[in-house]
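Peer 1: Provided below for reference: sequence and predicted model.
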Amino acid sequence: MRKLILSALAVTVLLASCKNASEGDLNIQETAVLAPQMKAPCATMGVLEANVLHDPSIRERMAKIEKHTKDFIENKDKYQRKLVNGKIVIPIVFHVIYRSASENLSLSTLQAQVDALNADFNMQNPGRNTIPAEFAGVEANIGISFEIQQVIRVQNSKKRSWRPDDKMKYTSQGGSDVVNPQEYLNIWVVNQMPYRGGQILGYAQFPGGSWATDGVVLGANFVGGSDRTATHEVGHWLNLRHIWGDGGCGVDDFVADTPESDAPNRGCPTYPDVSCGSADMTMNFMDYTSDSCLNMFTLGQKARMDAVFAPGGFRASMAD
């Protein structure tokens, strides 16, 4: 099992690996870009690298968040949070930025996406019965609920596609400005995000970034009740890393109960799919496995998410 490494040094080493980038080249990791006929699941780490290059202070903020997370995990009893019916309730502001009518997603589609989030974060997703016994013991009910607070619709007839550069998060750039990010989860839905011959499904901003760009971005084609892109990206927004740690064997995702993996998994691998000497947790929402085969978070991942809402956590205001 992975060794829990939550020190500021670990974060510094991770972020120091960024390469030089300009605004025209976001250095999105190659692991997130597939063949033209396939999907490029997640641009979160590439966007983080680019943002750190433009604002190095993000390193320090994220290191402090990791220090707080470690303290929370080691001293849970001293932290208390306010709950509604036993759960944290997160209101969502959707920003639907569209060019054609088909991209202007209906309220029912957005609600279906919220319903899927609620199922996934509360152990109610339909595929749970396929989780292998090896991993069933660490499956976690995150205990977070989501509800629609507001839907903002912006028609941009000139924008055929977007890059993962946060421009959709500004009215001045043809998008929509963030709304009260200390209280709301902002989700921007855009028509498409092509990149190097593939399609980016979405990306998120980790805790510690600018409040002006805080939230999640999703491609319109990857929103709905059967899609798990939002679950994956909200996981990042709540401080979860990819299950394989964005590296090979020995690279950590800061979670003790997720097995090491040498790379992301795709499709629906047959259990056990072994790498680094153990079976991969291919059904974890933070992998790149097909939507229908993503079914769980772990207790260790829950602890990281709980930490951001605890007193002193980056998103503590959402639990007040």
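Peer 2: Ah, there it is. What you see is a predicted model, and the numbers here were worked out from it, not measured in a lab.
Peer 1: ok, now which ones touch residue 94?
Peer 2: Residue 94 makes contact with 110, 148, 150-152, 187, 189, according to CB atoms under 8 Å, 6 or more residues apart in numbering. All C-beta spots, glycine's among them, are computed from the backbone N, C-alpha and C.
Peer 1: could you pull out the helices in the stretch 101-250 of the chain for me?
Peer 2: Residue ranges of the helices in the stretch 101-250 of the chain, as given by DSSP state H, counting those that start in this stretch, are 107-120, 133-136, 229-237.
Peer 1: can you list contacts of the very next helix or strand once past the last one?
Peer 2: In this case it means helix 229-237. Per DSSP states H and E, the first helix or strand lying C-terminal to helix 229-237 is strand 274-275. Strand 274-275 has contacts (CB under 8 Å, 6+ apart) with 249, 260-263, 280.
Peer 1: show me the shaky parts of the stretch 1-150 of the chain.
Peer 2: Residue ranges of the stretch 1-150 of the chain with pLDDT under 70: 1-40, 80-86.
Peer 1: re earlier: and the buried ones among the contacts of residue 94, selectable in PyMOL?
Peer 2: To isolate in PyMOL the members of the contacts of residue 94 that are buried, counting by 16 or more other CB atoms under 10 Å, one can use:
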select buried, resi 110+151+152+187+189
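Peer 1: closest to residue 313 out of the contacts of residue 94?
Peer 2: Nearest to residue 313 among those: residue 187, at 20.5 Å, using CB to CB.
Peer 1: buried deepest among the helices of the stretch 101-250 of the chain, which one?
Peer 2: Greatest average neighbour count among the helices of the stretch 101-250 of the chain goes to helix 229-237 (a mean of 26), per mean count of other CB atoms under 10 Å.
Peer 1: other SSEs contacting it?
Peer 2: Counting contacts by 3 or more CB pairs under 8 Å, 6 or more residues apart in numbering; DSSP states H and E, helix 229-237 packs against strand 39-42, helix 107-120, strand 185-190, strand 198-204, strand 216-219.
Peer 1: what lines up beside the third one in the sheet?
Peer 2: By that I understand strand 185-190. Sheet partners assigned to strand 185-190 using DSSP bridges are listed as strand 88-98 (parallel), strand 216-219 (parallel).
Peer 1: outside of that strand itself, list whatever touches it.
Peer 2: Residues outside strand 185-190 that contact it (CB under 8 Å, 6+ apart): 90-98, 105, 110, 146, 161-162, 168-169, 175-176, 178-179, 214-220, 223, 230, 234, 237.
Peer 1: returning to what we had before: need the contacts of strand 274-275 in TSV (columns: neighbour count and pLDDT).
Peer 2: Output for the contacts of strand 274-275, formatted as TSV (neighbours: other CB atoms under 10 Å; pLDDT from 0 to 100):
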residue	neighbour count	pLDDT
249	14	96
260	23	96
261	28	96
262	16	96
263	17	95
280	25	98
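Peer 1: kindly reformat the contacts of residue 94 as CSV containing distance to residue 209.
Peer 2: Compiled in CSV, those are given as follows (distance: CB to CB, whole Å):
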residue, distance to residue 209
110, 24
148, 24
150, 22
151, 24
152, 21
187, 15
189, 20
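Peer 1: among the contacts of strand 185-190, which ones are buried?
Peer 2: 90-98, 105, 110, 146, 162, 168-169, 175-176, 178, 214-220, 223, 230, 234, 237.
Peer 1: quote the end-to-end distance of stretch 183-200.
Peer 2: The first residue of stretch 183-200 is 27 Å away from its last residue (CA to CA, to the nearest Å).
Peer 1: cool, and stretch 273-285?
Peer 2: With CA to CA, one end of stretch 273-285 sits 16 Å from the other.
Peer 1: could you do stretch 226-246 as well?
Peer 2: End-to-end for stretch 226-246, by CA to CA: 26 Å.
Peer 1: kindly reformat the contacts of strand 274-275 as JSON lines containing distance to residue 302.
Peer 2: Below are the contacts of strand 274-275 laid out as JSON lines (distance: CB to CB, whole Å):
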{"residue": "249", "distance to residue 302": "25"}
{"residue": "260", "distance to residue 302": "20"}
{"residue": "261", "distance to residue 302": "19"}
{"residue": "262", "distance to residue 302": "25"}
{"residue": "263", "distance to residue 302": "25"}
{"residue": "280", "distance to residue 302": "20"}
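Peer 1: nearest to residue 194 among these?
Peer 2: For the contacts of strand 274-275, the nearest to residue 194 is residue 263 (23.4 Å; CB to CB).
Peer 1: from what I see, the closest one and residue 248 are in contact.
Peer 2: Yes - using CB atoms under 8 Å, residue 263 is in contact with residue 248, at 7.2 Å.
Peer 1: mind exporting stretch 291-305 as CSV, just the C-alpha atoms?
Peer 2: What follows is stretch 291-305, C-alpha atoms only, in CSV (Å, rounded to 0.1, in the frame of the first residue of the first chain):
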residue,chain,number,x,y,z
ASP,A,291,-17.4,5.7,-16.8
SER,A,292,-19.4,2.5,-16.3
CYS,A,293,-16.5,0.9,-14.4
LEU,A,294,-15.8,3.7,-12.0
ASN,A,295,-17.4,3.0,-8.7
MET,A,296,-15.6,4.1,-5.5
PHE,A,297,-13.7,6.4,-3.3
THR,A,298,-11.6,5.1,-0.4
LEU,A,299,-11.5,6.0,3.3
GLY,A,300,-8.1,7.6,2.7
GLN,A,301,-9.5,9.8,0.0
LYS,A,302,-12.5,10.7,2.2
ALA,A,303,-10.0,11.9,4.9
ARG,A,304,-8.3,14.2,2.4
MET,A,305,-11.7,15.6,1.3
